[in-house]
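*Asks:* got a predicted structure here, sequence first:
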Amino acid sequence: MFRELRTVLVAVVAFAIVVPLSSQEESCYVEAIAEIQALIDAEATLKELEETIVALAGSCRPASDGGELYSVSANAAVNLRGGPGTEYDVVGRTVAGQVFEVYSETQGSRYTWLELVYDGEPAYIAGSLTTRLPDHMLTENDDAIFLDTVSCAAFHSTRRDSRTTVQVVEYGDSVAEYDVVRMSDNATMRLLRSDYDAQTGGTYYRYGWQAAGLYTLAVTRGRRSDSIGFEIGGTKTHFIGVRCE
């Protein structure tokens, strides 16, 4: 009776694991089920079975089940591949502006390949052919947004002169890196100068003015990164205060 109960338990769990299979994962799950059956034949305890089932399910589960990392939009109509490289078959094609959730990154010899889901199956696109969408949007009404990379970021605008400029003001540990990118064409704002203000305790990064539109501030701190979207325009200086603690 106990042996039958374990067999039913494994069968139910195995069925739950197998239902979402893709063709690329089938062999992994076949081997996993065989290993589970071997444990049953060896009179394994329920605890041993449970631990093995959890471990095997995690090893075979696609990276997309772990949650998305961030979102990107395709810069043009480009190929999607069945694996992280041009040697893999084309499994689909994007349209310009199509948005995807990214589930993992693989560094290739020439490109960083992003894993996404296309027609319910894992697919890959070269990161250089995409634009990362901001993780957060800042407006003038936001007191602050808390990020994983730093403690918080706040946004405000002042009318200073006839040019549109962006200043990132960093407070606390000066260990983050910043890039300001225009979302419409992925153009990067040029850093004109950086200065430390002893009176305020902030480091000011001043970026060259650009046309009005939506921009992204990418914040990198060690291996962690985050991105903030904001809109600039008019004759204003836009300040984004970032606190690193």
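*Replies:* In hand now; what should we look at?

*Asks:* who touches residue 242 in this structure?
*Replies:* 150, 152-153, 168-171, 176, 178, 219 (CB atoms under 8 Å, 6 or more residues apart in numbering). (C-beta placed from N, C-alpha, C; glycine too.)

*Asks:* looking at those residues, which is nearest residue 72?
*Replies:* The nearest member of those to residue 72, counting by CB to CB, is residue 219 at 17.1 Å.

*Asks:* show me what contacts that closest one?
*Replies:* So residue 219 contacts 147, 149-150, 153, 176-178, 225-228, 242 (CB under 8 Å, 6+ apart).

*Asks:* ok, the contacts of residue 242 vs residue 113, which is closest?
*Replies:* residue 219 (23.3 Å).

*Asks:* and the helix or strand containing residue 157, what's buried?
*Replies:* Assigned by DSSP states H and E, residue 157 belongs to strand 152-158. Buried residues in strand 152-158, counted by 16 or more other CB atoms under 10 Å: 152-157.

*Asks:* one more: stretch 96-112?
*Replies:* Those would be 98, 100-104, 111, for stretch 96-112 by 16+ other CB under 10 Å.

*Asks:* same question, stretch 115-125
*Replies:* 115-118, 121-125.

*Asks:* low-confidence ranges, this protein, go.
*Replies:* The model of the chain has pLDDT under 70 over residues 1-33, 36, 46-68, 142, 159-164, 173-174, 209-210, 233-236, 245.

*Asks:* if we can go back for a sec, the contacts of residue 219 into JSON lines, with extra columns for secondary structure and distance to residue 91?
*Replies:* Below are the contacts of residue 219 laid out as JSON lines (DSSP: H, G, I helix; E, B strand; the rest coil; distance: CB to CB, whole Å):
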{"residue": "147", "secondary structure": "coil", "distance to residue 91": "34"}
{"residue": "149", "secondary structure": "coil", "distance to residue 91": "33"}
{"residue": "150", "secondary structure": "coil", "distance to residue 91": "38"}
{"residue": "153", "secondary structure": "strand", "distance to residue 91": "38"}
{"residue": "176", "secondary structure": "coil", "distance to residue 91": "37"}
{"residue": "177", "secondary structure": "strand", "distance to residue 91": "35"}
{"residue": "178", "secondary structure": "strand", "distance to residue 91": "36"}
{"residue": "225", "secondary structure": "strand", "distance to residue 91": "28"}
{"residue": "226", "secondary structure": "strand", "distance to residue 91": "30"}
{"residue": "227", "secondary structure": "strand", "distance to residue 91": "28"}
{"residue": "228", "secondary structure": "strand", "distance to residue 91": "33"}
{"residue": "242", "secondary structure": "strand", "distance to residue 91": "40"}
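
*Asks:* and the residues you listed, which are buried?
*Replies:* 147, 149-150, 153, 176, 178, 225-228, 242.

*Asks:* looking at these, which is nearest residue 77?
*Replies:* Relative to residue 77, the closest of the buried ones among the contacts of residue 219 is residue 227; by CB to CB it sits at 24.3 Å.

*Asks:* wait, the closest one sits on residue 214?
*Replies:* No - look at residue 227 against residue 214 with CB atoms under 8 Å: they stay out of range, at 11.9 Å.

*Asks:* thinking again about what came up before, need the buried residues of stretch 96-112 in JSON lines (columns: distance to residue 141).
*Replies:* JSON lines is the format used below for the buried residues of stretch 96-112 (distance: CB to CB, whole Å):
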{"residue": "98", "distance to residue 141": "31"}
{"residue": "100", "distance to residue 141": "30"}
{"residue": "101", "distance to residue 141": "28"}
{"residue": "102", "distance to residue 141": "29"}
{"residue": "103", "distance to residue 141": "33"}
{"residue": "104", "distance to residue 141": "35"}
{"residue": "111", "distance to residue 141": "39"}
